[in-house]
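Student: how would this look folded up:
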Amino acid sequence: MVKVLFVCMGNICRSPTAHGVFVKILEDQSLTSVVQVDSAGTHAYHIGKGADERSQLAASRRGIDLSALRARQVKPADFHEFDYVLAMDDDNLQHLEMICPVEQRKKLQLFMTFAPQMKKREVPDPYYGGGSGFEQVLDLVEAAAEGLLQDIKENHL
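Tutor: A predicted model of the protein is given here:
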């Protein structure tokens with residue numbers, strides 16, 4: 001079983017979107033029995049809350065259901081449990097590096113490294129912007145999710 005953790009700041013916009021998109025891709029390819037997905041935030045702002053309504057709406061227009069996801073904070077055990085710990089941006093990657101045991105840091109990456117064709121280093125936070133930001137997040141996340149799945153297939157399956 002390959003385990004993937006998507007991480008943003010509050011776990012209500014970007015990381016649950018990545019979580020939902022990746023689960024949908026895995027379902028479409030009948031791979032949910034070999035790849036496990038979760039998401040978390042580096043901060044405790046929204047623990048227990050569902051994904052931002054704007055994230056849910058944008059995702060639902062693409063056939064992705066985020067309604068069951070609930071925000072949680074990254075915990076120390078995550079660094080041992082997951083094979084991929086993927087940050088949405090540099091700030092959250094730096095936060096993860098500060099709390100991650102040295103021997104587990106090889107698991108940390110920016111999610112967008114799996115979509116070099118998008119020429120974006122980070123998935124921007126849409127929280128304080130308009131609806132188009134959530135669509136942009138989905139575009140970036142879908143591209144990176146395809147690249148991540150390719151990496152998993154090449155290196156783990």
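Student: Tell me where the protein has helices.
Tutor: 14-28, 53-60, 78-81, 90-99, 131-155 (DSSP state H).
Student: just these: most buried one?
Tutor: helix 14-28 (a mean of 24; mean count of other C-beta atoms under 10 Å). For every residue, glycine as well, the C-beta is placed using N, CA and C.
Student: now that one: how far from the chain's centre is it?
Tutor: Chain-centre distance of helix 14-28: 8 Å, with C-alpha atoms, centre = their mean, to the nearest Å.
Student: which residues are in contact with that helix?
Tutor: For helix 14-28, contacts defined as C-beta atoms under 8 Å, 6 or more residues apart in numbering pick out 4, 6-8, 32, 35, 37-41, 51, 55, 58-59, 63-66, 69, 71, 86, 88, 111, 123, 125-126, 134, 137-138, 141-142, 144-146, 148-149.
Student: Please export the C-alpha coordinates of it as CSV.
Tutor: C-alpha atoms of helix 14-28 as CSV (Å, rounded to 0.1, in the frame of the first residue of the first chain):
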residue,chain,number,x,y,z
ARG,A,14,-6.0,23.1,-1.5
SER,A,15,-5.1,19.9,0.3
PRO,A,16,-8.7,18.6,0.4
THR,A,17,-9.1,19.5,-3.3
ALA,A,18,-5.9,17.5,-4.1
HIS,A,19,-7.2,14.7,-1.9
GLY,A,20,-10.5,14.5,-3.7
VAL,A,21,-9.0,14.8,-7.2
PHE,A,22,-6.5,12.1,-6.5
VAL,A,23,-9.1,9.7,-5.0
LYS,A,24,-11.2,10.2,-8.1
ILE,A,25,-8.3,9.4,-10.4
LEU,A,26,-7.5,6.3,-8.3
GLU,A,27,-11.2,5.2,-8.5
ASP,A,28,-11.2,5.7,-12.3
